[in-house]
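A.B. asks: structure of the sequence below:
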Amino acid sequence: MKNRSIFRFSALLAAFSLCFSGCAASHEAIRQEHSAELFAMGTYMSLTAYGEQAEAALNEAESSVTEWEALWSATEESSEIYAANHSHGEAVPLSPETEELLRFALKMAEQTRGALDPTIYPLVNAWGFINQEYRVPSEQEITELLSLTGYEKVVLENHAVTLPEGTQLDLGAVGKGYTGELLAEYLKEQGITSALLDIGGNIQMVGGRPDGTRWRLGIRNPFGEGSFGILEAEDSAVVTSGGYERYFTDEDGTAYWHILDPATGRPADSDLASVTIIAEMPLPER
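C.D. replies: Numbering: from 1, shown residues only. Here you go, the predicted model:
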């Protein structure tokens, strides 16, 4: 009887030990950190994910970003957007990925009544924010270029886009955020429950930190170095933008930033130094 009790106790202890070691191993697997860094879409990106499948998932995510950039770049001559911008009024077939992004951009343009306009590329280029050859266009040049803009001019039908002569697209205003959402969706499909994706300042979170707490993000001080506050969030997107990110000054010391007002063709004058948006953002309808 005594020996049988000792055997049962030993078996129970062994089972407990196996469970403990297995749970610990599983916990450690979840906490495994993997990261990838790349330069794409005109910005540096840092992707961090946790778990056994994280490394393979990030490799695939990095490949996807490269593929999307090749489709959406306004300066790469082999891209679909470049082809549309130089189509001389002819219809240009689009891949499903580009069609979805463009449809989303046009929807945002309509909902914001043109405050976000994907056809503002000629003006962004004229100010030098594309090639960093900064200059202040004349009023006449701005007026002429404004006549080429207007999201209503874009015809998207039969899986192709048609632009009037001189009208050009730039999907940069929505491309990074859209990329972050697509990557987050993919990582979740791969079983990743914790990831932090920095898409050039667009922060996309999958779940919370591996220890179950919320992510802590510093909000940059637009008037100097460091952060002026800490934001806690999880499973959402956090986007901060301001005129301090890309700007130049003329010989008189006047500053001109990259956020243009589609109504004026000039840097937006809103008295806002920085804006941060936090949202749980579902993917656009397909």
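A.B. asks: Ala263: neighbour count?
C.D. replies: Counted with other Cβ atoms under 10 Å, the neighbours of Ala263 add up to 13. Backbone N, C-alpha and C define where each C-beta goes, glycine included.
A.B. asks: kindly report the same for Gly201.
C.D. replies: 16.
A.B. asks: for beta bridges, what are the partners of Asn202?
C.D. replies: Ile199, Val239 (DSSP bridges).
A.B. asks: mind listing what it touches?
C.D. replies: The contact partners of Asn202, taken as Cβ atoms under 8 Å, 6 or more residues apart in numbering, are 176-177, 179-180, 237, 239.
A.B. asks: next one: it from Glu251, what distance?
C.D. replies: Using Cβ to Cβ, to the nearest Å, one gets 34 Å for the distance from Asn202 to Glu251.
A.B. asks: and for Val124?
C.D. replies: For Val124 relative to Glu251 (Cβ to Cβ), the value is 22 Å.
A.B. asks: what do you get for Glu77?
C.D. replies: Glu77 is 34 Å from Glu251, by Cβ to Cβ.
A.B. asks: likewise for Phe223?
C.D. replies: Distance, Phe223 to Glu251, by Cβ to Cβ: 23 Å.
A.B. asks: what about the two, which has more around it?
C.D. replies: The residue with more neighbours, out of Phe223 and Glu251, is Phe223; 10 against 6, by other Cβ under 10 Å.
A.B. asks: for Val239, see how far away the more buried one is.
C.D. replies: Taking Cβ to Cβ, one finds Phe223 at 19 Å from Val239.
A.B. asks: for Lys107, same thing?
C.D. replies: Plainly put, Lys107 is 18 Å away from Val239 if you go by Cβ to Cβ.
A.B. asks: ok, for Phe129, nearest residue in space, not its chain neighbours?
C.D. replies: In this structure, Phe129 finds its nearest non-sequential neighbour in His258, 4.6 Å apart by Cβ to Cβ, 6 or more residues apart in numbering.
A.B. asks: residues contacting the one you found?
C.D. replies: 124, 127, 129, 243, 245-247, 267.
A.B. asks: need the three-state assignment for Gln204.
C.D. replies: strand (DSSP: H, G, I helix; E, B strand; the rest coil).
A.B. asks: helices along the stretch 51-200 of the chain, start to end?
C.D. replies: Ranges of helices within the stretch 51-200 of the chain are 54-72, 80-85, 96-111, 121-126, 139-146, 172-189, based on DSSP state H, counting those that start in this stretch.
A.B. asks: for the longest one, which residues meet the burial criterion?
C.D. replies: For helix 54-72, the buried set under the neighbour-count rule, 16 or more other Cβ atoms under 10 Å, comprises 54, 57-58, 61-62, 65, 68-69, 71-72.
A.B. asks: closest to Asp117 out of those residues?
C.D. replies: The nearest member of the buried residues of helix 54-72 to Asp117, counting by Cβ to Cβ, is Trp72 at 16.5 Å.
A.B. asks: need the pLDDT of the closest one.
C.D. replies: The model reports Trp72 with a pLDDT of 97.
A.B. asks: which residues of the stretch 101-250 of the chain score low on pLDDT?
C.D. replies: Applying pLDDT under 70 to the stretch 101-250 of the chain flags no residue at all.
A.B. asks: try it again at 90.
C.D. replies: 173, 200-201, 219-229, 240-246, 250 (pLDDT under 90).
A.B. asks: before we move on, back to that, can I get the buried residues of helix 54-72 in a markdown table with distance to Arg135?
C.D. replies: What follows is the buried residues of helix 54-72, written out as a markdown table (distance: Cβ to Cβ, whole Å):
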| residue | distance to Arg135 |
| --- | --- |
| Ala54 | 45 |
| Ala57 | 43 |
| Leu58 | 40 |
| Ala61 | 37 |
| Glu62 | 35 |
| Val65 | 31 |
| Trp68 | 30 |
| Glu69 | 27 |
| Leu71 | 30 |
| Trp72 | 26 |
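A.B. asks: tell me which of the residues you listed is nearest to Leu145?
C.D. replies: Trp72 (21.8 Å).
A.B. asks: right, I'll leave it there.
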